[in-house]
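[1] here is my input, please return the structure:
(one chain, ligands or ions: 1)
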Amino acid sequence: MTLVLASASPRRRELLAQIGMADPEFRFEVLAADIDESHQASETAAQFVQRLAVEKAQAGLALYGQSPAVVLGSDTIVVLDGQILGKPVDEADAEQMLQQLSGREHSVMTAVAVTDGAKTLASLVETKVQFCGLTQQDILAYIATQEPMDKAGAYGIQGLGGCFVEAIQGSYSAVVGLPLVETKALLRKMQVL
Ligand SMILES: Cc1cn([C@H]2C[C@H](O)[C@@H](COP(=O)(O)OP(=O)(O)OP(=O)(O)O)O2)c(=O)[nH]c1=O
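    Have a look, this model is predicted:
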């Protein structure tokens, strides 16, 4: 069975390799057809992140166009006071996000979805992350590294942003982009593993 990763994220590829899905056993596909990632007013953050994971998997399946294949899609968002923080659009946006996260606890929600066309399964994992207090100097120095620019909530726990994380309750791999335990369980259910 071919497993296709419908993701442009190198971190998700590395996390899949940790489950034992490494080349040449699975095909790595970059999602060329971008899905619309806008939030609908009627949906909760949990519904939103799950919908995006499912849509990425389904778009990936359409793009791959061959069967049999199982396609995996995933999405990560940061949620603070009910507000969804996705990837910053620019440096000013990143600065604002990091100011909001400073000294506070937020949720990271990651959804993973797998589909073979006939069957689609999804899991949602929520992890609490407590940030230490950040000075304006910390924030500007961090943004200058560019690390925040392609990450939800404008930080990467696996990189320099790890220095901002005082405590985490939940799944580290889910914060980085793919929950290992839940992803492995989904792949077993789809008989990929
Ligand atoms: C909070 C946090 C997020 N992130 C990343 C995970 C996701 O890659 C990214 C959120 O953006 P996503 O839209 O979930 O994913 P993506 O655009 O990077 O990749 P694709 O849609 O092609 O799968 O933020 C980290 O790497 N570390 C962190 O600590």
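[2] nearest to the ligand: which residue in the chain?
    Nearest to the ligand in the chain, going by CB to the nearest ligand atom, is S7, at a distance of 3.1 Å. For glycine as for every other residue, the C-beta is placed from the backbone atoms N, C-alpha and C.
[3] ok, that residue touching G73?
    Yes. Using CB atoms under 8 Å, S7 is in contact with G73, at 6.8 Å.
[4] so which residues on this protein come close to the ligand?
    7-9, 11-12, 31, 56, 74-76, 78, 87, 108, 150-153, 155-158, 175-177 (CB under 6 Å from any ligand atom).
[5] kindly recompute the last result at 8 Å.
    Within the chain, the positions near the ligand by CB under 8 Å from any ligand atom are 6-9, 11-12, 30-31, 37, 52, 56, 73-78, 86-87, 108, 110, 129, 150-153, 155-159, 161, 175-177.
[6] in helices, which of those fall?
    Per DSSP state H, helices hold the following members of the residues of the chain next to the ligand: R11, R12, L52, K56, V175, V176.
[7] my guess is the second one contacts A6. True?
    No. Contact status for R12 versus A6: not in contact, 9.4 Å apart, counting by CB under 8 Å.
[8] what distance do you get for D150 to Q83?
    20 Å (CB to CB, to the nearest Å).
[9] which of those two has more neighbours?
    D150 (14 against 11; other CB atoms under 10 Å).
[10] hmm, L85 is touching V78, no?
    Yes. In this structure, L85 is within contact of V78 by CB under 8 Å, at 4.1 Å.
[11] what residues sit buried inside stretch 145-158?
    Neighbour-count burial for stretch 145-158, counted by 16 or more other CB atoms under 10 Å, picks out E147, P148, K151, A152, G153, A154, Y155, G156, I157, Q158.
[12] got any residues that touch both of L85 and V78?
    M97, L101, H106, A152, G153 (CB atoms under 8 Å, 6 or more residues apart in numbering).
[13] tell me, what residue is most central in this structure?
    The chain has T76 as the residue nearest its centroid, 3.0 Å off, counting by CA atoms, centre = their mean.
[14] can you name the residues bridging to that residue?
    T110 (DSSP bridges).
[15] could you list the low-pLDDT ranges of this structure?
    Counting by pLDDT under 70, the chain has low-confidence residues at 23-33.
[16] so the residue nearest to the centre of the chain sits right up against V108, yeah?
    Yes. Using CB under 8 Å, T76 is in contact with V108, at 6.5 Å.
[17] returning to that earlier point: would you write a ChimeraX line that selects the buried entries of the ones in helices among the residues of the chain next to the ligand?
    Restricted to buried positions by 16+ other CB under 10 Å, the ChimeraX selection for those reads:
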select :11,12,52,56,175,176
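[18] just flag the most distant two among the ones in helices among the residues of the chain next to the ligand.
    K56 and V175 (18.3 Å; CB to CB).
[19] before we move on, which element is the residue in the chain sticking out farthest from the centre in?
    Computed with CA atoms, centre = their mean, the residue of the chain farthest from its C-alpha average is Q137, at 27.5 Å. Element membership for Q137 (DSSP states H and E) is helix 136-144.
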